[in-house]
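**Q** no sequence on hand, only this structure:
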């Protein structure tokens with residue numbers, strides 16, 4: 001079965017009160033349209049087309065990675081008119097699936113169930129039963145419970161508005177039939193728009209059966225029209241993601257205070273995650289890892305037996321086995337810690353490798369550096385790696401001891417087992433096994449008097 005998926009994404013989203021097109025607003029770090037496309041791509045033998053309109057060039061510009069065909073709807077004249085724009089891409093033998101760019105949480109399983117209802121004599125329609133179906137078109141059935149039409153709320157009479165089964169707008173049918181119905185659409189309604197829902201009544205008139213299915217949860221088919229709905233579906237997504245982590249054996253101190261904006265390439269056993277932790281991108285977390293509160297981990301590898309203390313940022317970095325990071329530490333891109341490395345409070349590491357057993361425990365910046373094993377770097381140490389134009393490298397060899405408040409002006413090498421006296425500024429290499437320091441002679445001015453206010 002060859003599938004042609006048409007994603008309608010041309011709406012302005014005026015209730016979002018934003019210059020950003022509605023489908024570019026984010027849930028879990030991805031745009032609404034990306035969520036829909038990602039789910040669609042899981043279907044076999046599927047070609048995707050996105051019908052865009054308001055802010056279309058912005059949509060295309062921000063999502064060039066999407067493997068879709070782009071179709072412009074120059075005038076927004078309704079959902080039926082939007083699908084008509086893609087008619088030239090539809091073959092008679094295709095199964096055509098209609099989805100919406102502002103319905104981000106629809107599941108692959110729900111779509112696959114819908115597609116099983118498509119045949120030469122049937123149209124598949126996804127419906128949802130709600131206690132309050134306000135805003136939804138109503139599914140009208142006859143005395144035999146067969147679907148006979150869909151009535152939009154604006155056009156529904158009093159009895160029809162009491163119907164609780166709503167139309168999601170999501171449907172699938174054979175291409176030949178859809179093209180026939182699209183050619184017969186009219187706009188004789190209160191909005192003067194071409195409604196895609198009118199094809200249901202046409203299908204019934206042509207003797208087609210309307211086969212309905214429903215999602216496991218109404219949240220799957222909720223569209224986003226305002227900021228409140230965006231916020232609600234964000235939490236729906238996050239709570240489901242948190243539950244999936246707990247199924248995998250991760251301990252979450254509060255599943256409601258966790259944000260997952262990516263995926264995990266690895267999840268070990270006995271991982272503990274405190275509150276307000278954010279995971280972004282693709283992360284690998286090994287066993288026996290403790291992650292403290294208010295921590296951000298992005299595109300990083302965390303090896304076994306690591307403890308990350310609260311308020312730390314791990315960004316495109318590697319943390320080796322048995323290491324400890326934080327609190328208030330920041331590992332920037334290309335920071336690589338080997339086993340049993342300690343990075344303490346208010347320490348920033350950027351584009352540097354730190355070998356086994358080394359410590360940078362307090363108030364230091366280490367950038368563009370290679371740090372050997374068993375090195376101790378004192379508080380307030382800075383590698384001065386940038387001259388305003390170029391970056392230079394600092395090398396600190398095994399066993400070196402760097403005293404507090406030291407500046408290492410790169411390019412520079414501190415030799416093996418060297419000691420650097422506190423308060424030094426080094427511009428030349430320091431010899432191994434030697435003490436190196438730069439200090440002015442301490443002087444006391446006996447005649448000095450503390451100034452006083454007049």
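**A** Cool, got the structure. Just so you know, these numbers come straight off a predicted model, no measurement behind them.
**Q** so where do the helices sit in this protein?
**A** Listed from the start of the chain, the chain has helices (DSSP state H) covering 32-41, 56-62, 79-84, 108-115, 158-161, 175-182, 198-205, 227-247.
**Q** make JSON lines from the ones you listed and add mean neighbour count and mean pLDDT to it.
**A** Yep, even glycine has a C-beta here, placed from its N, CA and C like the rest. Putting the helices of the chain into JSON lines (neighbours: other Cβ atoms under 10 Å; pLDDT from 0 to 100) gives the following:
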{"stretch": "helix 32-41", "mean neighbour count": "21", "mean pLDDT": "96"}
{"stretch": "helix 56-62", "mean neighbour count": "16", "mean pLDDT": "85"}
{"stretch": "helix 79-84", "mean neighbour count": "22", "mean pLDDT": "94"}
{"stretch": "helix 108-115", "mean neighbour count": "17", "mean pLDDT": "97"}
{"stretch": "helix 158-161", "mean neighbour count": "11", "mean pLDDT": "92"}
{"stretch": "helix 175-182", "mean neighbour count": "19", "mean pLDDT": "96"}
{"stretch": "helix 198-205", "mean neighbour count": "20", "mean pLDDT": "93"}
{"stretch": "helix 227-247", "mean neighbour count": "15", "mean pLDDT": "97"}
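**Q** return the residues in contact with the nearest residue to residue 11 once chain neighbours are set aside.
**A** Distances taken as Cβ to Cβ, 6 or more residues apart in numbering place residue 22 nearest to residue 11, at 5.9 Å, with adjacent residues excluded. Going by Cβ atoms under 8 Å, 6 or more residues apart in numbering, residue 22 touches 11-13, 16, 32, 101-102, 224-225.
**Q** quick one: mean pLDDT over stretch 140-156.
**A** Averaging the model's pLDDT scores along stretch 140-156 yields 91.
**Q** go on, stretch 377-392?
**A** Mean pLDDT, stretch 377-392: 96.
**Q** hmm, who's touching it?
**A** Judged by Cβ under 8 Å, 6+ apart, the contacts made with stretch 377-392 from elsewhere in the structure are 358-369, 371, 393-394, 396, 401-411, 422.
**Q** quick one on the thing from earlier: select, out of the helices of the chain, the one closest to residue 189.
**A** Closest to residue 189 of these, according to Cβ to Cβ: helix 198-205, at 8.6 Å.
**Q** tell me the angle of the closest one relative to helix 175-182?
**A** With axes from the mean of the first three to the mean of the last three Cα atoms, to 10 degrees as the basis, helix 198-205 and helix 175-182 are set at 110 degrees to each other.
**Q** mind giving me the packing neighbours of helix 198-205?
**A** With contacts defined as 3 or more Cβ pairs under 8 Å, 6 or more residues apart in numbering; DSSP states H and E, helix 198-205 has these neighbours: strand 122-129, strand 147-151, strand 165-174, helix 175-182, strand 209-213.
**Q** give the bridge partners for residue 279, please.
**A** residue 260, residue 297 (DSSP bridges).
**Q** next up, the contacts around it.
**A** Under the contact definition (Cβ under 8 Å, 6+ apart), the residues listed for residue 279 are 259-262, 264, 297-298.
**Q** so it versus residue 353, what's the distance?
**A** Residue 279 sits at a distance of 24 Å from residue 353 (criterion: Cβ to Cβ, to the nearest Å).
**Q** same question, residue 430
**A** Spatial separation of residue 430 from residue 353 under the definition Cβ to Cβ is 19 Å.
**Q** more neighbours: those two, which one.
**A** When neighbours are counted by other Cβ atoms under 10 Å, residue 430 and residue 353 differ, and residue 430 comes out ahead with 22 against 17.
**Q** isn't the more buried one right next to residue 418, touching?
**A** Yes. Using Cβ atoms under 8 Å, residue 430 and residue 418 qualify as a contacting pair, with a distance of 4.7 Å.
**Q** common neighbours of those two, please.
**A** Shared contacts of residue 430 and residue 418, defined by Cβ under 8 Å, 6+ apart, comprise 400, 436.
**Q** residue 43: neighbouring residues, count only.
**A** Residues lying near residue 43 (other Cβ under 10 Å) number 18.
**Q** and it, what does it touch?
**A** Residues in contact with residue 43, defined by Cβ under 8 Å, 6+ apart, are 3, 5, 97, 108, 111-112, 115.
**Q** what of residue 197?
**A** For residue 197, the residues meeting the contact criterion (Cβ under 8 Å, 6+ apart) are 79-80, 137, 150, 152, 167, 169.
**Q** let me have the residues you listed in a markdown table, extended by distance to residue 312.
**A** Rendered in a markdown table, the data for these read as follows (distance: Cβ to Cβ, whole Å):
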| residue | distance to residue 312 |
| --- | --- |
| 79 | 48 |
| 80 | 53 |
| 137 | 50 |
| 150 | 53 |
| 152 | 52 |
| 167 | 48 |
| 169 | 44 |
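**Q** can you pick the most crowded of the residues you listed?
**A** When neighbours are taken as other Cβ under 10 Å, the top entry among the contacts of residue 197 is residue 150 (28 neighbours).
**Q** what's the pLDDT at the closest residue to residue 133 other than its chain neighbours?
**A** Using Cβ to Cβ, 6+ apart and skipping residues adjacent in sequence, the residue nearest residue 133 is residue 166, 4.1 Å away. We have a pLDDT of 96 for residue 166.
**Q** quick revisit: could you give me the PyMOL syntax to select whichever of the contacts of stretch 377-392 are buried?
**A** Only the buried members of the contacts of stretch 377-392 end up in this PyMOL selection, burial being decided by 16 or more other Cβ atoms under 10 Å:
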select buried, resi 358+359+360+361+363+364+365+366+367+368+369+371+393+394+396+401+402+403+404+405+406+407+408+409+410
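**Q** show me the contacts of stretch 377-392 that map onto strands.
**A** Using DSSP state E to define strands, the subset of those located there is 359-362, 365-367, 369, 371, 394, 396, 401-402, 407-409.
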